[in-house]
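Quick one, fold the following:
(2 chains)
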2 protein chains.
Amino acid sequence: MTFFSLAFWIALQTAITPGAAGHTWRLAHSSAILEQFTEFLSIPNVATDKANIARNADWIAGQLKSHGVNVRLLESPGAPPVVYGELSTPGARQTLVIYAHYDGQPVELAKWTRQAPFKPYITGDVSDPAHARIYARSASDDKGVIIAQLAALDALKSAGIALKSNLKFFYEGEEEQGSPHMEAILERYRDILSGDLWVFCDGPVHQSGRQQIVFGARGVTGFEITLYGPRRELHSGHYGNWAPNPAMELAQLLASMKDPNGHVTIDGFYDGITPLGDVEKRAIAAAPNIDATLKQEMGFGWSEGNGARLDELLQLPSLNVRGLLSSSVGATARNVIPSEATASIDIRLVKGLDAATQVDRVIAHIRKQGYFVSDRPPDDEMRRAHERIAYVNRKETGYNAQRTPMDLPIARQLIAAVQAARGEVVLLPTSGGSLPLIVFEKVLKAPVIVVPIANYDNNQHSHDENLRLQNLWDGIETMAAVFAM
Amino acid sequence: MTFFSLAFWIALQTAITPGAAGHTWRLAHSSAILEQFTEFLSIPNVATDKANIARNADWIAGQLKSHGVNVRLLESPGAPPVVYGELSTPGARQTLVIYAHYDGQPVELAKWTRQAPFKPYITGDVSDPAHARIYARSASDDKGVIIAQLAALDALKSAGIALKSNLKFFYEGEEEQGSPHMEAILERYRDILSGDLWVFCDGPVHQSGRQQIVFGARGVTGFEITLYGPRRELHSGHYGNWAPNPAMELAQLLASMKDPNGHVTIDGFYDGITPLGDVEKRAIAAAPNIDATLKQEMGFGWSEGNGARLDELLQLPSLNVRGLLSSSVGATARNVIPSEATASIDIRLVKGLDAATQVDRVIAHIRKQGYFVSDRPPDDEMRRAHERIAYVNRKETGYNAQRTPMDLPIARQLIAAVQAARGEVVLLPTSGGSLPLIVFEKVLKAPVIVVPIANYDNNQHSHDENLRLQNLWDGIETMAAVFAM
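Numbers count the residues shown, from 1 in each chain, chains lettered A, B, ... in the order given. Next up, the predicted model:
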């Protein structure tokens, strides 16, 4: 006992956790963190703005270097650079690869309520972070989490917490463009990108406000169906009741695809789904049920799925009509039989389903309803040859879902680390939204798990994007816990 | 026999018919008629252009006066003048009132293929009138028939054919605006507008090209249905499969209104129809069947009504989706659950049905599908109170159908007169398109019959409106026959 000084003895008794280190650090440095965040948000980051995209990459590279990270830019022809960094830990028990993206969605200047999207501002009192928000493009998606990660490195160092894993950082610059070069980049740099787990820091936490860990993401694809009536719009008096009306036929065709409870009635639509394990089912059952609150906030009274919960339903594939158009409504409506009618549809996929196969199933269904399905609009010859024609435009290829089993040892380790820092955590097998996680899994053969920090009502992709200040502070603790696992 | 000169005797033997008189006149005066037509078409006649509308009225009044017609303008506050004329016949056996309108539809200048809509031009060779056409706004709808009527008066006079009826002329100036002041005008001038038959000279002849006489017109009304999902568009990944999708619900609601053969499945939709008599049924059966030709030309292969003919189906009420809109399709489509979806619908009515009642039946149907039907978009309170909300905008009032029995003595007289001039004539109980004939019948207690002259493919209401020259020439003969009956 004499070997220990009193101070050292006290330190041992109160051994600071990574979460507490994050908390302590941000309490002491909140102004500096917000200053750094503001500086980062002020650099425009629309993916097509090459010069500013490069400035963002340089800014991140500089920050990482000043935190002792070994940095290089991963280049691929036509792609913005991936800012890649390594922080090696002697005797590391594993390697974690931390993903986020630094590019943002395009901005519609006119729609932003206050300053321009690259002049960040804070509403509310920063001393009441649950009600203060930082507004700017990418505040939540994803610059906020990059700031949290930098602060987490500071916090761990300041608290003297040694890392047990190697850390690799992978910051992408064209996620909002659909990551067109991702597969090429991963293939090219496969060797340096090896790791035991990819941690995706993108997306929102649970709507209940609780930290969540998500073990996969639905895949997505989309297509459009156009049906045809008369070659030109016809007078609805002279020909109505006789000439085929493509708007009504489209309604009938769409109605044949789902029952009134939202169950898809297309043959095979649910065939081949990889079932959830017991651990996943229990996790969903344990997630807070915020459906009633969401309905209230979003202004609707019933939901699809015959009473099933949102978090359950997101584990199924979906068929969503994202748009309809035929002739005109409102002031420009005319008494005509429209010449065509279009529905735009997106499909979400879960593990076990294939994007192209799922669209094939829809097409088979359309054929079964008596349509000739064409991959182009009909010409005169096609109109003569077929009574009912559906043009299906399937130029969107999309990608499949990914799901990491919740009970992998490294998954359990991650859950434990985050729970230690943040208390009870919501665990979801799959997020409803889509991320091309499947590409990482496929090329790098590593599991992927998503650890987001943003509030769910962050307006990402829209105007007035924002990050709730408390989510940034919580994010520092979460990231410190992940880095220290 | 000695009382008669040889010339007089020859004239008696070859006693010229009204139709032949029309034919003879136009052969001798075609250039002058076309010149007059061009002059008339050159005066712009969009109903909102008050100054030019007045010029049109003056032009017609001047022409009528020069044909010996007693002219006055019938005024009503806010309405363009009705040009009214009387041509009295001593010992007349009846009074015919001839209706046409001199205003035209608004024009979209950019869409006209050649000159502006008020710079008439002729395509084809006037010596081959079956293939020559006159292009200008109102060439067919209705200035052409007014020109034919003036020429018919000339032709009858030139041939020395005495009238047997009093003629009254009634030229309206706001038909394309929906004749908002018509009932007031008819009420105000009820006394001078009395007659044994109103002859409506508006609309096209049969698609077969044959002259047709139409004994009524379908009524029309319209409304829009908007269904609501989330208060704002939602991410289709995060909420798709759970949040109600108004585009899909609209498809299901519309699909519930008609079966795949176009039969309306709304309760009571066909209840109360005044049945056709045998003479009407025989007339429809005798009309040339041009369905196959129309399908070929219009580019579709099947038709509603389970194989029934167009001319039969127009004797039934219709429910027509004239437009659909929900969020976006094509390049602007986004992966969202739309916040609302709208269908614009028009209804055609036949004799015995009431416009407001028919919309009531649709609303009862919507309620039966589980919707709360509102007469305004929902506010928060309404969203809280009702799970499914349909806003039905029924600001269009519309009007009911009218039908004159084909076997009235004056109807048979008219048929005989036109047949004598034009050979076999198509007789239809009701036109598919709508005219507010019911107002005339209701206020003036006189039967109304439609005698059109325009070709069916005249592009009325659209760009490149035209009248086939042969239809103008035939129209002179038809009008001469009507006037002389």
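
Pull the contacting residues for the spatially closest residue to A:Val214 that is not a sequence neighbour.
Nearest in space to A:Val214, with sequence neighbours left out and distances taken as Cβ to Cβ, 6 or more residues apart in numbering or on different chains, is A:Val450 at 4.1 Å. (Glycine included, C-beta is placed from N, CA and C.) A:Val450 makes contacts with A:199-203, A:213-217, A:431, A:435, A:437, as judged by Cβ atoms under 8 Å, 6 or more residues apart in numbering or on different chains.

Report the beta-bridge partners for A:Val450.
A:Phe200, A:Val214 (DSSP bridges).

Please tell me how far it sits from B:Asp142.
Computed as Cβ to Cβ, to the nearest Å, the A:Val450 to B:Asp142 distance reads 68 Å.

Let me see the contact set for A:Gln296.
A:Gln296 neighbours (Cβ under 8 Å, 6+ apart): B:Arg384.

how close does it sit to A:Ala287?
Note on A:Gln296: its distance to A:Ala287, by Cβ to Cβ, is 18 Å.

my read is A:Asp346 is in a helix, agree?
No. Secondary structure assignment places A:Asp346 outside any helix; it is strand (DSSP: H, G, I helix; E, B strand; the rest coil).

Go ahead and confirm A:Gln94 touches A:Pro409.
No. Assessed by Cβ atoms under 8 Å, A:Gln94 is found out of contact with A:Pro409, at 9.9 Å.

quick one: which of these two has more around it?
More crowded of A:Gln94 and A:Pro409, by other Cβ atoms under 10 Å in any protein chain shown: A:Gln94, with 15 against 9.

Past the biggest helix by length in chain A, which element shows up next along the chain?
Secondary structure of chain A per DSSP state H: the longest helix is helix A:18-41. Next helix or strand after helix A:18-41 toward the C-terminus (DSSP states H and E): helix A:50-66.

Could I get the average pLDDT for that following helix?
Here helix A:50-66 scores 97 as its mean pLDDT.

who does the helix or strand just after it touch, helix- and strand-wise?
Once the chain leaves helix A:50-66, the next helix or strand it forms, by DSSP H and E, is strand A:70-74. Under the contact definition 3 or more Cβ pairs under 8 Å, 6 or more residues apart in numbering or on different chains; DSSP states H and E, strand A:70-74 sits against helix A:50-66, strand A:82-87.

now these as CSV including mean neighbour count and distance to A:Ala100?
Converted to CSV, the helices and strands packed on strand A:70-74 look like this (neighbours: other Cβ atoms under 10 Å in any protein chain shown; distance: least, Cβ to Cβ, whole Å):
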stretch, mean neighbour count, distance to A:Ala100
helix A:50-66, 17, 9
strand A:82-87, 22, 10
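
between the ones you listed, which one is nearest to B:Gln115?
B:Gln115 lies closest, by Cβ to Cβ, to one member of these: helix A:50-66, at 49.3 Å.

least trustworthy helix or strand in chain A by mean pLDDT?
helix A:6-13 (a mean of 51; mean pLDDT, DSSP states H and E).

Help me confirm that A:Ala390 comes into contact with A:Leu227.
Yes. Counting by Cβ under 8 Å, A:Leu227 is a contact partner of A:Ala390 at 5.6 Å.

so who does A:Glu187 touch?
A:Val443.

May I have the secondary structure class of it?
helix.

how much space is there between A:Ile146 and chain B?
According to Cβ to the nearest Cβ, to the nearest Å, A:Ile146 and chain B sit 22 Å apart.

And for A:Pro436?
A:Pro436 is 13 Å from chain B, by Cβ to the nearest Cβ.

so A:Gly330 touches B:Ser344, yeah?
Yes. Here A:Gly330 reaches B:Ser344: they are 7.2 Å apart, a contact under Cβ under 8 Å.

okay, and for chain A, where does confidence drop off?
Low-confidence segments of chain A (pLDDT under 70): A:1-14.

Please parse it into its domains.
A:15-215+A:404-483, A:219-278+A:310-393 (automatic domain parsing).

got the end-to-end distance for the last one?
Right, domain A:219-278+A:310-393. 19 Å (Cα to Cα, to the nearest Å).

rewinding a little: please name whichever of the helices and strands packed on strand A:70-74 is nearest to chain B.
helix A:50-66 (22.9 Å; Cβ to the nearest Cβ).

can you give me the offset of that closest one from its chain's centre?
With Cα atoms, centre = their mean, to the nearest Å as the basis, helix A:50-66 stands 23 Å off its chain's centre.

Touching that helix from outside, list them.
A:36, A:39-40, A:43-47, A:71, A:73, A:80-81, A:83, A:85, A:102-103, A:146, A:150, A:169, A:171, A:173.

Need the CA coordinates for it. CSV is fine.
The C-alpha trace of helix A:50-66 is given here as CSV (Å, rounded to 0.1, in the frame of the first residue of the first chain):
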residue,chain,number,x,y,z
LYS,A,50,-14.6,20.3,-56.4
ALA,A,51,-12.5,23.1,-55.0
ASN,A,52,-14.4,23.3,-51.8
ILE,A,53,-14.6,19.5,-51.5
ALA,A,54,-10.8,19.6,-51.6
ARG,A,55,-10.8,22.3,-48.9
ASN,A,56,-12.9,20.0,-46.7
ALA,A,57,-10.6,17.1,-47.2
ASP,A,58,-7.6,19.2,-46.4
TRP,A,59,-9.3,20.6,-43.2
ILE,A,60,-10.0,17.0,-42.0
ALA,A,61,-6.5,15.8,-42.9
GLY,A,62,-5.0,18.7,-40.9
GLN,A,63,-7.2,18.0,-37.9
LEU,A,64,-6.3,14.3,-37.9
LYS,A,65,-2.6,15.0,-38.2
SER,A,66,-2.8,17.4,-35.2
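
Any idea how many residues pack against the residue nearest to A:Ala116 when sequence neighbours are not counted?
Nearest residue to A:Ala116, sequence neighbours excluded (Cβ to Cβ, 6+ apart): A:Leu109, at 6.4 Å. Residues within reach of A:Leu109, counting by other Cβ under 10 Å, total 8.

Quick one: end-to-end distance for stretch A:68-87.
End-to-end for stretch A:68-87, by Cα to Cα: 7 Å.

buried ones in that stretch?
A:69, A:71, A:73-74, A:76, A:79-87 (16 or more other Cβ atoms under 10 Å in any protein chain shown).

Distance to A:Gly423 added to those, as JSON lines?
Output for those, formatted as JSON lines (distance: Cβ to Cβ, whole Å):
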{"residue": "A:Val69", "distance to A:Gly423": "29"}
{"residue": "A:Val71", "distance to A:Gly423": "34"}
{"residue": "A:Leu73", "distance to A:Gly423": "38"}
{"residue": "A:Leu74", "distance to A:Gly423": "36"}
{"residue": "A:Ser76", "distance to A:Gly423": "41"}
{"residue": "A:Ala79", "distance to A:Gly423": "39"}
{"residue": "A:Pro80", "distance to A:Gly423": "37"}
{"residue": "A:Pro81", "distance to A:Gly423": "38"}
{"residue": "A:Val82", "distance to A:Gly423": "34"}
{"residue": "A:Val83", "distance to A:Gly423": "32"}
{"residue": "A:Tyr84", "distance to A:Gly423": "33"}
{"residue": "A:Gly85", "distance to A:Gly423": "30"}
{"residue": "A:Glu86", "distance to A:Gly423": "31"}
{"residue": "A:Leu87", "distance to A:Gly423": "27"}
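
which residue does the stretch 1-150 of chain A bring closest to chain B?
A:Gln105 (11.0 Å).

what's near enough to touch that residue?
So A:Gln105 contacts A:Val46, A:Arg137, A:Asp141, A:Glu176, A:Gln460, A:His461, A:Ser462, A:Glu465 (Cβ under 8 Å, 6+ apart).

any idea how far it lies from B:Pro77?
From A:Gln105 over to B:Pro77 (counting by Cβ to Cβ), the distance is 56 Å.

coming back round to it: common neighbours of A:Gly330 and B:Ser344, please.
Counting by Cβ under 8 Å, 6+ apart, the residues touching both A:Gly330 and B:Ser344 are B:Glu224.
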